[in-house]
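*Asks:* coordinates for the following, if possible.
(2 chains)
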Amino acid sequence: NAGVTQTPKFRILKIGQSMTLQCTQDMNHNYMYWYRQDPGMGLKLIYYSVGAGITDKGEVPNGYNVSRSTTEDFPLRLELAAPSQTSVYFCASSDQGLSQPQHFGDGTRLSIL
Amino acid sequence: AQTVTQSQPEMSVQEAETVTLSCTYDTSESDYYLFWYKQPPSRQMILVIRQEAYKQQNATENRFSVNFQKAAKSFSLKISDSQLGDAAMYFCAYLRADKLIFGTGTRLQVFP
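*Replies:* The predicted structure follows:
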């Protein structure tokens, strides 16, 4: 089972560049999430989605955008990369909401230089 | 504001021994969920155990158990018969409505 797949695993961006972090899940989960993890810190919720066509802001949404056109995919977009966005990004999904176990991807390590 | 505090940046335990990781949280809510997640060097987040606040009974999953003290807002994780594979970062997390709040983590080292 693939579970939650994130691509790429590593990326270096220049300040001001844009990119999309891809996340796909094959478990038919309705709920999907994007987190960032800064060094020495826990995860912080950026955006989440409770189903196709529905997204909402989490704790730290500034500088990011998301879309959810299908159940499987939940890409995260950085429009103007800034050094403060250097972090490890995790995508996760769950069957019925945050009270259910979340399945995490392996993370994307992003560096903005 | 809801916060989660893990006051032990690092802990160590000898193989086969027992270790307890501390977590406190701040909330004014009465209904919520608490979690412990494990993050090994592979970076993947793995759910260890979950506690529902309205349940007084402490959750248990094999060698992992919690001591949930609702009045004290404390949610510690006990790992019994520690194994080398238990070495990882452990994160305590609090859930209310749509927000999952993580603590800063405790790095657990296991010595043979």
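
*Asks:* please make it C-alpha for all contacts and neighbour counts, starting now.
*Replies:* Fine.

*Asks:* give me the contact list for the helix or strand bottoming out on mean pLDDT in chain A.
*Replies:* Ranked by mean pLDDT, DSSP states H and E, the weakest helix or strand in chain A is strand A:103-104, scoring a mean of 88. Where contact means C-alpha atoms under 8 Å, 6 or more residues apart in numbering or on different chains, the residues beyond strand A:103-104 that reach it are A:3, A:4, A:90, A:91, A:92, A:93, A:94, B:44, B:45, B:46.

*Asks:* turn the residues you listed into CSV, including neighbour count, secondary structure and distance to residue B:89.
*Replies:* Shown next, in CSV, are the contacts of strand A:103-104 (neighbours: other C-alpha atoms under 10 Å in any protein chain shown; DSSP: H, G, I helix; E, B strand; the rest coil; distance: C-alpha to C-alpha, whole Å):
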residue, neighbour count, secondary structure, distance to residue B:89
A:3, 15, coil, 22
A:4, 22, strand, 21
A:90, 28, strand, 16
A:91, 31, strand, 18
A:92, 27, strand, 18
A:93, 32, strand, 21
A:94, 21, strand, 22
B:44, 16, coil, 11
B:45, 23, coil, 9
B:46, 17, strand, 10
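
*Asks:* who's the closest spatial neighbour of residue A:27, skipping the chain neighbours?
*Replies:* Of all residues not flanking residue A:27 in the chain, residue A:3 sits nearest, at 6.4 Å (C-alpha to C-alpha, 6 or more residues apart in numbering or on different chains).

*Asks:* can you name the residue of chain B nearest to chain A?
*Replies:* Closest to chain A within chain B is residue B:104: 4.5 Å, counting by C-alpha to the nearest C-alpha.

*Asks:* relative to residue B:68, how far out is that residue?
*Replies:* From residue B:104 over to residue B:68 the distance is 19 Å, taken as C-alpha to C-alpha, to the nearest Å.

*Asks:* quick one: name the residues of chain B near chain A.
*Replies:* Chain B has residues B:33, B:42-47, B:91, B:95, B:98-105 near chain A, with proximity defined as C-alpha under 8 Å from any C-alpha of the partner chain.

*Asks:* now, which of those residues lie within strands?
*Replies:* Among the residues of chain B next to chain A, the ones falling in strands (DSSP state E) are B:33, B:46, B:47, B:91, B:95, B:99, B:100, B:101, B:102.
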